[in-house]
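A.B. asks: Let's see this in three dimensions:
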Amino acid sequence: MLYLQNKTALSKSFIQAKFPLLLLIIGQAFVGYQYFFNATIDSNATLQQLLLGISYTCIFALSLLIINSKKRIKYTIYTLVASGLFQAVYGSLMTLTGVEYLLLVEKDAYLGVATGTFVNRNHLAGYLVICLSAGLGLMIGTLKPGTTNIKEIFRRFLQAFLSSKIILRLSLVIMVAALVMTHSRMGNTAFFAGMGIVGTLAIILKGKSIGSTLFLLTSLLVIDIAVVGTFFGIENVIDRIEGTSQKRETRDEVNLYSLEIHKNNQLTGTGAGTYFTAFPQVREKDVGFMFYDHAHNDYLEFLTERGIIGIAPLVLFILMTFMIAFRGLQKRQNTLLRGCAFASLMSMVSMALHATVDFNLQIPANAATFMVILALGWIGRYHREKKRGRES
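C.D. replies: Numbering: from 1, shown residues only. Alright, predicted model coming up:
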């Protein structure tokens, strides 16, 4: 509305993201088709997903429009870190004190592990990974380029330790501690894998800051695993991973039945938000008597509900954003903007891994925050801020 009144201008990030925005709109238009033309087995659930999808699209668009300065980029990331820190502190205190509540509601599941204000520990883990990606991106954005001298690296580390950066670093440590306390197998695996993969990419693509980046990532691994893990139970996570077996897990069977749903509705799906209605029609007794309202696999859930036609624009949107963030990490000289690209890439890699065994993108808090992180990928690549006639 402000733009139509000539009271504001479109950011370059928003202009460059016209095609991915169009893909998101097409994705929501398809859900609208499912609802208005009765191409769904549960119209109320599909309407809810349509409203959520429109909201996520607007969050992505507004992020591109509003986060239009370096100051706002930093404020946005600090806000995400603060939100993750709140969840981490709240969830950890509930677990350590034994007074276990969600948000003003007493917990009746996942006792003894951190869940924050989430019902499911895996969804707290997913949210923390998104916020940790943002915080790590900001840390990368504050690194000074250009030295491999050990003494100089150590001097800069001490400077960072004694400066305001220590608040950010401690916030990341607390979030990692809470992530470990969730005992989420894939949540922890996805975080360290995402950090390792994208961290390696950052080092390869920008060799001139290899010393600082390598030191930061190594310190995270050493301090967070050795120190935080020792005190907050990383051995429990390892035990859960080692204890996983096909006999104890029913997700493989659920995935097979999900493919059966897809086979019967390949092109258009059963309707967005209808998995909990469709699954009982194909399930067998080998999955037990558990109630599955989600597929525990975001890929299969989107595929069964939206079909090939509905999922295609969303996949293209993610692939485009990944490539743009990759180019931002590769091409941008400004460390803050490279940090935005790093945050977006790490979050995408981590969420892609976690999505194979869980449904984080079905949780509004996680999905909405993820859209902001995706927008940071485009901002990291295309943001322009003029200073004395030059790009900064």
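
A.B. asks: average pLDDT for stretch 269-280?
C.D. replies: Across stretch 269-280, pLDDT averages out at 94.

A.B. asks: and that stretch, which residues are buried?
C.D. replies: Buried positions in stretch 269-280, judged by neighbour count with 16 or more other C-beta atoms under 10 Å: 269-275, 277-279. For glycine as for every other residue, the C-beta is placed from the backbone atoms N, C-alpha and C.

A.B. asks: Next up, the contacts around N297.
C.D. replies: Going by C-beta atoms under 8 Å, 6 or more residues apart in numbering, N297 touches 251, 254-255, 258, 355-359.

A.B. asks: Which two of the residues you listed have the greatest separation?
C.D. replies: Between any two of the contacts of N297, the greatest separation by C-beta to C-beta is 14.5 Å, found for V254 and A355.

A.B. asks: Surely F14 is in contact with L62?
C.D. replies: No: between F14 and L62 there is no contact under C-beta atoms under 8 Å: 9.3 Å.

A.B. asks: So for those two, which residue has more residues nearby?
C.D. replies: The neighbour count for F14 versus L62, taken as other C-beta atoms under 10 Å, is higher for F14 (24 against 14).

A.B. asks: can you tell me which residue is nearest the centre of the chain?
C.D. replies: I130 (3.8 Å; C-alpha atoms, centre = their mean).

A.B. asks: Please determine how far that one is located from A45.
C.D. replies: Using C-beta to C-beta, to the nearest Å, I130 is found at 25 Å from A45.

A.B. asks: What are the boundaries of the helices in the stretch 151-300 of the chain?
C.D. replies: Using DSSP state H, counting those that start in this stretch, the helices of the stretch 151-300 of the chain run over 165-181, 185-205, 210-221, 229-232, 234-243, 251-264, 275-278, 298-331.

A.B. asks: What is the neighbour count of C340?
C.D. replies: 33.

A.B. asks: quick revisit: output the buried residues of stretch 269-280 in CSV, with distance to Q330 appended to each entry.
C.D. replies: Shown next, in CSV, are the buried residues of stretch 269-280 (distance: C-beta to C-beta, whole Å):
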residue, distance to Q330
G269, 36
T270, 40
G271, 40
A272, 35
G273, 38
T274, 41
Y275, 38
T277, 45
A278, 42
F279, 42
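
A.B. asks: quick check, nearest of those to N366?
C.D. replies: G273 (16.0 Å).

A.B. asks: residues touching that closest one, list them.
C.D. replies: Contacts of G273 by C-beta under 8 Å, 6+ apart are 42, 45-46, 48-49, 305.

A.B. asks: repeat that for 6 Å
C.D. replies: In this structure, G273 makes contact with 45-46, 48-49, judged by C-beta atoms under 6 Å, 6 or more residues apart in numbering.

A.B. asks: Quick one: mark the members of those residues that sit in strands.
C.D. replies: Among the contacts of G273, none falls in strands (DSSP state E).

A.B. asks: and those, which are buried?
C.D. replies: So, by 16+ other C-beta under 10 Å, the buried ones in the contacts of G273 are 45-46, 49.

A.B. asks: and the buried residues of stretch 269-280, which two are the farthest apart?
C.D. replies: A272 and F279 (14.7 Å).

A.B. asks: The residue lying closest to S43 once chain neighbours are set aside in helix, strand or coil?
C.D. replies: Among residues not flanking S43 along the chain, Y35 sits closest, at 5.9 Å (C-beta to C-beta, 6 or more residues apart in numbering). Secondary structure, DSSP: H, G, I helix; E, B strand; the rest coil: Y35 is helix.

A.B. asks: residues near Y35, how many?
C.D. replies: Residues near Y35, counting by other C-beta under 10 Å: 23.
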